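I would like the atomic coordinates for the input below:
(chains A, B, C and D)
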Protein chains: 2
Amino acid sequence: MNAPQPALELARFAPEPAPAPLADLVPFLAAERDLVPPVALTRRLAARAAIYRAGDTAEFTYEMIDGGAILWTMLPDGRRQILQMIGPGDVFGFAALDQHDATAVTTVTSRIRVVPIAQSTRSMAGQSMLLHQALDRIHALQAHALLLGRMTALERVAHFLLAAFRPSGPTDPLAKDDGGRIRLFVTREEIGDYLGLTIETVSRNLGKLRKSGIIALDHADRIRLIDRTGLAAIAVPAGDHA
Amino acid sequence: MNAPQPALELARFAPEPAPAPLADLVPFLAAERDLVPPVALTRRLAARAAIYRAGDTAEFTYEMIDGGAILWTMLPDGRRQILQMIGPGDVFGFAALDQHDATAVTTVTSRIRVVPIAQSTRSMAGQSMLLHQALDRIHALQAHALLLGRMTALERVAHFLLAAFRPSGPTDPLAKDDGGRIRLFVTREEIGDYLGLTIETVSRNLGKLRKSGIIALDHADRIRLIDRTGLAAIAVPAGDHA
DNA sequence: CGGCCGATTGAGTTATGTCAAAGCAAGTGG
DNA sequence: CCACTTGCTTTGACATAACTCAATCGGCCG
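Modelled structure (predicted):
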């Protein structure tokens, strides 16, 4: 469980030519950000592009129009925890009002609306919106803490799948195809880093769900949901508690 | 790792005579909450008293004046995850604007300031305060996700101790005595449920830190910090990452 | 003093991690 | 168009950290 090979880790997580964070791509905003309200613009990003990185000054909030991204923190030795899978409709980047404490990277080609933070915090409506977003985030993080601290690998994977099969509501990092079949836009490693597991454990437990007839894996990233009730039963283990 | 004995769990977590949530103790606030600003009052609670429970209507925010509390969620089968250890200065109870998604219980005799939510959200200053509190919470929950998902038992215990030995800043569930010696107000079980470990693992790793001369355990709940640097080195494993 | 509750310690089990070898698609260059 | 490379996934064999079960210890309170 301890320190992996640094060189390898570095190669894996540092997008090689180190693409400039989005904030750098829109420096002109710095001048405009104190002007009239609707100062916001939409940018298109390629897959695996950094939106911002831990340590960057937090100057903007972002809204995922379409596409997907992941948000993560990591330990100095490279162990990584993915904190959120960002999908259409999600607002992010407001975690701290000074410096980002995590890194956000797209998983697929995405369109993102960029809004200066100052603009959001100025109006009552903006503040209220941010507060609601923040409370949602707290709720989700608390649920995730329960998952990371107290659930088995199988339960975690079931949870992930259940979220993935939600009818394309906000916060899914994947697009739903036709009836019940989805395409995953995240690798096993990302699923593992989200669930606090290794890729092998993720793979084995997906296999277990396949063998028990709850899902079908047409291909590594094409999954069909066969037995939603069964999946839900695993995700939320019934207990005779009051 | 699965479902423990329900009867036992129930007995452990349900404060026997089921004390009324704080909200019930101050029903008169319901009438006053729309009046002039400084409608807020301080209440004193005994140790192990419920402040609110998951499912209760969220009508108030709370500020711990002095004392301590823990905040938790649990699975239907009784597995519990403690989400926060609340100490003097901490504001809590605002996690959702409709229903509480967690349960808050004092660990020691406490004084708590109770403020109607409506009052906090009305003014710009109140909203701004809540937003800041929420962002702090997000930051802490993200750090905790990294701990739960990616750290070893020893690292988790080291983290907990480091937080416990912080100079009585907000968010410690324990009071500092004299130089470097603290008294813990939480049981091993609570530490375990906070760190995603069992009591035995907590105990063994405290023992390990004791044997390596980093802390001294005068008594189960009296700890002396001998080597802060050593403790910090364990909590944040050095890595040669960029 | 005796009982009780929490903590510690020991012994054995197991879920998950680690290391390593294939397997499989998709892409690339000859 | 095919052989090769590449990157991700799957599967197997093995190691181990953490859990489980159980006994003992140690304050504390009546």
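
going forward, measure contacts and count neighbours with C-alpha atoms only.
OK.

the longest helix along chain A and DNA strand D, are they touching?
In chain A, assigned by DSSP state H, the helix with the most residues is helix A:124-150. No: Helix A:124-150 lies apart from DNA strand D when judged by C-alpha under 7 Å from any atom of the strand; the minimum separation is 8.1 Å.

roughly how far out does that helix sit from the chain middle?
Distance of helix A:124-150 from its chain centroid, counting by C-alpha atoms, centre = their mean, to the nearest Å, is 13 Å.

list the buried ones in stretch A:208-216?
Neighbour-count burial for stretch A:208-216 flags A:209, A:210, A:214, A:215, A:216 (criterion: 16 or more other C-alpha atoms under 10 Å in any protein chain shown).

who's in contact with the first one?
Taking C-alpha atoms under 8 Å, 6 or more residues apart in numbering or on different chains as the definition of contact, the neighbours of residue A:209 are residue A:215.

which strand or helix spans the closest residue to residue A:231 other than its chain neighbours?
Computed as C-alpha to C-alpha, 6 or more residues apart in numbering or on different chains, the closest residue to residue A:231 that is not its neighbour in sequence is residue A:158, at 6.0 Å. Element membership for residue A:158, per DSSP states H and E: helix A:153-164.

next, the buried residues of that helix.
Those would be A:153, A:154, A:155, A:156, A:157, A:158, A:159, A:160, A:161, A:163, A:164, for helix A:153-164 by 16+ other C-alpha under 10 Å.

just name the shakiest helix or strand of chain A by mean pLDDT.
The helix or strand of chain A with the lowest confidence, counting by mean pLDDT, DSSP states H and E, is helix A:6-13 at a mean of 37.

next, the residue nearest the centre of chain A: phi, psi?
Centroid-nearest residue in chain A: residue A:85, 1.5 Å away (criterion: C-alpha atoms, centre = their mean). Residue A:85 adopts backbone torsions of phi -110, psi 120, taken as degrees, to the nearest 10.

show me the domain layout of chain A.
Split into domains by automatic domain parsing, chain A comes to A:6-144, A:151-235.

lowest mean pLDDT across these, which one is that?
Among the domains of chain A, domain A:6-144 carries the lowest mean pLDDT, a mean of 81.

does DNA strand C sit close to that one?
No: Domain A:6-144 is not in contact with DNA strand C by C-alpha under 7 Å from any atom of the strand; minimum separation 9.6 Å.

DNA strand D contacts on chain A?
So chain A meets DNA strand D at A:1, A:186-189, A:199-204, A:206-207, A:217, A:220-221 (C-alpha under 7 Å from any atom of the strand).

circling back: what sits closest to the residue nearest to the centre of chain A if chain neighbours are left out?
residue A:70 is the one closest to residue A:85 (C-alpha to C-alpha, 6+ apart), at 4.7 Å.

so is the one you found in a helix, a strand, or just coil?
strand (DSSP: H, G, I helix; E, B strand; the rest coil).

list the contacts for it?
Residues in contact with residue A:70 (C-alpha under 8 Å, 6+ apart) are A:82, A:83, A:84, A:85, A:86, A:104, A:105, A:106, A:107, A:173.

out of these, who's nearest residue A:140?
residue A:84 (8.8 Å; C-alpha to C-alpha).

pretty sure the closest one contacts residue A:194?
Yes: proximity of residue A:84 to residue A:194 meets the contact threshold set by C-alpha atoms under 8 Å, at 7.5 Å.

comparing the two, which residue is more hemmed in?
Remark: of residue A:84 and residue A:194, residue A:194 carries more neighbours, 26 against 21, as counted by other C-alpha atoms under 10 Å in any protein chain shown.

you'd agree that one is up against residue A:74?
No: look at residue A:194 against residue A:74 with C-alpha under 8 Å: they stay out of range, at 11.7 Å.

need the overlap of contacts for these two.
With C-alpha under 8 Å, 6+ apart, residue A:194 and residue A:74 have common neighbours residue A:81.

what residues are up against residue A:225?
Contacts of residue A:225 by C-alpha under 8 Å, 6+ apart are A:165, A:180, A:181, A:214, A:215, A:216.

how does it look with 7 Å?
By C-alpha atoms under 7 Å, 6 or more residues apart in numbering or on different chains, the contact set of residue A:225 is A:180, A:181, A:214, A:215, A:216.

tell me which element the residue lying closest to residue A:71 once chain neighbours are set aside is part of?
Spatial nearest neighbour of residue A:71, excluding adjacent residues (C-alpha to C-alpha, 6+ apart): residue A:104 at 4.4 Å. In this structure, residue A:104 sits in strand A:103-106 according to DSSP H and E.

identify the residues contacting that strand?
Residues contacting strand A:103-106 (C-alpha under 7 Å, 6+ apart): A:47-54, A:68-73.

can you show me the helices along chain A?
Using DSSP H, helices in chain A cover A:6-13, A:22-25, A:29-32, A:117-122, A:124-150, A:153-164, A:188-195, A:199-211, A:228-235.

which among those is found nearest to residue B:124?
The nearest among the helices of chain A, by C-alpha to C-alpha, is helix A:124-150 at 6.2 Å.

residue A:157 and residue B:195, how far apart?
Distance check for residue A:157 against residue B:195: by C-alpha to C-alpha, to the nearest Å, it reads 21 Å.

what's the answer for residue A:127, then?
If you go by C-alpha to C-alpha, the gap between residue A:127 and residue B:195 works out to 33 Å.

more neighbours, those two?
Neighbours per residue, other C-alpha under 10 Å: of residue A:127 and residue B:195, the larger number sits with residue B:195, 26 against 20.
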